[in-house]
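Novice: 3D, please:
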Amino acid sequence: MTIKRFEDLECWKEARILVQSIYDITRSSECRKDLRLCTQIQAAATSVMANIAEGFIRNSDKEFRQFLFVSMSSAAEVQSHLYVALDQKYISQSQFEKVYEQAKKTSRIISGLIKYLRLKQTK
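Specialist: You can find the predicted model right below:
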């Protein structure tokens, strides 16, 4: 099956869930009091999703891989910001774990896609 739209990519779908989770916790938690942190974590999460889409549309596996690496870096940034939110008691341990795992899952899928694109290139 050939994927013709970035919306069909599993990693983009998972990144979308990550973004929604981040917006949920920043909208409904003590995090709102820390506007800078809220803005940073929202930007990092949306960057995960946006870089997958932007890389996909480039029509070059090499460029796509570069954007996927940026996307994975943004997912790690989300995870790091989550520690700040947890340490400042803006979010609960269970909220932290749920969103952290979503970022991890998204990164794993992105990593798999990078590996696939590398193998495809060597064929």
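Novice: and Lys120, which of the three is it?
Specialist: Classification of Lys120 by DSSP: H, G, I helix; E, B strand; the rest coil places it in helix.
Novice: Could you pull up the residues touching the residue sitting nearest the centre point of the chain?
Specialist: For the chain, Val48 is the residue whose C-alpha lies nearest the centre (C-alpha atoms, centre = their mean; 3.6 Å). By C-beta atoms under 8 Å, 6 or more residues apart in numbering, the contact list for Val48 reads 15, 18-19, 71, 74-75, 78, 103, 106. Where C-beta positions appear, they are placed from N, C-alpha and C, glycine not excepted.
Novice: Quick check: which element contains it?
Specialist: helix 35-57 (DSSP states H and E).
Novice: for Ile91, phi and psi?
Specialist: phi -130, psi 160 (degrees, to the nearest 10).
Novice: Tell me who's in contact with the residue lying closest to it once chain neighbours are set aside.
Specialist: Using C-beta to C-beta, 6 or more residues apart in numbering and skipping residues adjacent in sequence, the residue nearest Ile91 is Ala85, 4.7 Å away. Applying C-beta under 8 Å, 6+ apart, one finds that Ala85 lies in contact with 25, 29, 31, 37, 41, 91, 96.
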